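**Q** sequence unavailable; structure follows:
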C-alpha cells in the first residue's frame, strides 16, 4: 500500500546535528519533499529532491536519497532551538489523472538548549 | 506574493451548528486540497480539486462534510451538523500543474473547536 513512514520523535542538543529519516513506497516517485510545521502554523516547504539525485545541500540542510532502499533523510547541521518543529516527508508522482502526493505522519524535533 | 489564505483562523462553536471554512488559493494554482490534522490521526487528505472540479473525495469522513469550489479563487469546506469529534486544525493547500516541481503550498489553517 501507499505509506510514507517516519519516526515520531527526535531529541537533540543545541549545536548537534539532527537526522530525520523517512521511507517511502513508490519507486516511481518523481519528487520527495521535506516540510516544516511550527506551532500554530501550516506546513512550509523546506526543501525537495528530484528522484535522479542522490544528495542536495542547502545551507544547514542536507537531503540524502537512497532510491534502492526508498530511504530519504534530512540532516540539519548545528541545530538551533528555532528548528524545533514537526518535519514531514512527502513523496509525489504523476499519473494520468494528474499527480499524487502522500505525506508521512511527521517527526517532532525537540532541541534542548 | 500572497500565500494560501484561510479564514477564520479560529472557530469555536457548539455541536449541531453549521461550520464553514474558507480558502483562497494562490493565484494561478489549479489544484486545491483540504486536509485535517489531529494528534491521533496526523494529517489526513479530505478532498482535492483540479480546475474547480472535485477529483477525489474519498477522505471526506461523512456526509456531514461537503466541499465546493465555485471558482478558481475560492473554496469552502462545510460541516453540518458539527460534532465534537470534528475538532481539529483544517488546512487548505494549493499547487500548480506542470512537468516541473509542484509542491503544495499550505495556508495557516483553521483551528476548529466544537463544544
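**A** Cool, the structure landed. Keep in mind it's a predicted model, so treat the numbers as computed, not measured.

**Q** can you classify residue B:85 by secondary structure?
**A** The three-state assignment at residue B:85 reads helix, by DSSP: H, G, I helix; E, B strand; the rest coil.

**Q** need the contact list for the residue lying closest to it once chain neighbours are set aside.
**A** Computed as C-beta to C-beta, 6 or more residues apart in numbering or on different chains, the closest residue to residue B:85 that is not its neighbour in sequence is residue B:114, at 7.8 Å. Bear in mind the C-beta positions are built from the backbone N, C-alpha and C, glycine included. Residue B:114 makes contacts with B:13, B:14, B:15, B:17, B:19, B:82, B:83, B:84, B:85, B:86, B:87, as judged by C-beta atoms under 8 Å, 6 or more residues apart in numbering or on different chains.

**Q** try 7 Å this time
**A** Counting by C-beta atoms under 7 Å, 6 or more residues apart in numbering or on different chains, residue B:114 touches B:13, B:15, B:82, B:83, B:84, B:86, B:87.

**Q** correct me if wrong: the fourth one contacts residue B:14.
**A** No. If you go by C-beta atoms under 7 Å, residue B:83 and residue B:14 don't touch, sitting 10.6 Å apart.

**Q** show me the shaky parts of the chain.
**A** No chain specified, so I'll use chain A. Along chain A, segments meeting pLDDT under 70 span A:1-2, A:27, A:29, A:95-99.

**Q** wait, I meant chain B there
**A** Using pLDDT under 70, chain B drops low at B:1, B:98-101.

**Q** helix, strand or coil for the spatially most central residue of it?
**A** A centroid search over chain B (C-alpha atoms, centre = their mean) returns residue B:34, at 3.0 Å, as the residue closest to the centre. Secondary structure, three-state DSSP: residue B:34 is strand.

**Q** so who does the closest residue in space to it that isn't next to it in sequence touch?
**A** Once flanking residues are discounted, residue B:34 sits nearest to residue B:46: 4.5 Å by C-beta to C-beta, 6+ apart. Contacts for residue B:46 (C-beta under 7 Å, 6+ apart) come out as B:34, B:35, B:36, B:59, B:60, B:65.

**Q** weed out the non-buried ones from these.
**A** B:34, B:35, B:36, B:60, B:65 (16 or more other C-beta atoms under 10 Å in any protein chain shown).

**Q** and the third one, what does it touch?
**A** Taking C-beta under 7 Å, 6+ apart as the criterion, residue B:36 is in contact with B:44, B:46, B:88, B:90.

**Q** what do you get for the fourth one?
**A** The neighbours of residue B:60, taking C-beta under 7 Å, 6+ apart as the test, are B:46, B:47.

**Q** now the strands for chain B?
**A** In chain B, the strands defined using DSSP state E lie at B:5-7, B:10-13, B:19-24, B:31-38, B:42-50, B:53-56, B:65-71, B:74-79, B:88-95, B:105-106, B:110-114.

**Q** and the contacts of residue B:46, which two are the farthest apart?
**A** B:35 and B:65 (12.6 Å; C-beta to C-beta).

**Q** return the distance of residue A:79 relative to residue A:110.
**A** 10 Å (C-beta to C-beta, to the nearest Å).

**Q** higher neighbour count, those two?
**A** For residue A:79 versus residue A:110, neighbours defined as other C-beta atoms under 10 Å in any protein chain shown are more numerous around residue A:79 (21 against 13).

**Q** thought the more buried one was touching residue A:18?
**A** Yes. Residue A:79 is within contact range of residue A:18, at 4.7 Å (criterion: C-beta under 7 Å).

**Q** shared neighbours of the two, anything?
**A** residue A:12.
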